[in-house]
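*Asks:* Got a sequence here, can you build the structure:
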Amino acid sequence: MPEHQAEFNYLTDPARGRTAANLVMTFNREAKSSARYTLYAKKAAESGYATAGALFSACAASEQIHAVRHAKAALFMGVSLEVKIDPVVDEHVPDMLGKMLAFETMAGLIYPDLIEDALQEGYELAVLSFKHAMLAKKVHILLCQHAIDSGDYWKSKRKVFYVCSLCGCTRTVNQGLCECCGGSTKYFNAFPPVKTT
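*Replies:* Numbers count the residues shown, from 1 in each chain. Here you go, the predicted structure:
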């Protein structure tokens, strides 16, 4: 049986519930986004967009945290995971920010339904993982939109981004408890603009 057909049958098996399929889908999307944003960060820094590069790096870290949390929830349910990373086309920073905005917006729209499925099926770990990812998407959308609206895609602006290592929440000021999970500032990692040579 071809691999894609086996995956299709597995994901549509009603005995598994919708949450299992949702975790597989979101794990793959978050892992691919993390890889994509890591490459975007490198390209942005090389192109002189240090702050946009820092944003991409912070979002890549956030997406990686979400992928790991989705994977843990899936493994708790007995679901195995595998991801294949798609190649990333070499693009300009404005295009990369536009694609990130579109992806984060689309991903943010699906999470409420995934949370509802997990609630109905009683998978609290998945509910929490989905909620934290949804909250982070909202911040990613705002930050990305600010960069686009700045006129120069933050080429002349210096910002540091902070990502909660517990839940993936992203912010620009590391003060107070995490808005998503309540973790203290010690759990936040800094992503400053990278100087290019």
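
*Asks:* all contacts plus neighbour counts: C-alpha atoms, from now on.
*Replies:* OK.

*Asks:* where in this protein is pLDDT low?
*Replies:* 1-16, 89-90, 195-197 (pLDDT under 70).

*Asks:* Tell me how far the residue nearest the centre of it lies from Gly183.
*Replies:* In the chain, the residue lying closest to the centroid (C-alpha atoms, centre = their mean) is Glu63, at 2.7 Å. Distance of Glu63 to Gly183, computed by C-alpha to C-alpha, to the nearest Å: 18 Å.

*Asks:* If we go by neighbour counts, what in the helix or strand where the residue nearest to the centre of the chain lies is buried?
*Replies:* Here Glu63 is covered by helix 50-76, with elements defined by DSSP states H and E. Buried residues in helix 50-76, counted by 16 or more other C-alpha atoms under 10 Å: 50-74.

*Asks:* coming back round to it: shouldn't the residue nearest to the centre of the chain be in contact with Ala31?
*Replies:* Yes: Glu63 is within contact range of Ala31, at 6.6 Å (criterion: C-alpha atoms under 8 Å).

*Asks:* So which residues make contact with stretch 45-57?
*Replies:* 37-38, 40-44, 93, 143, 147, 153-161, 191-196 (C-alpha atoms under 8 Å, 6 or more residues apart in numbering).
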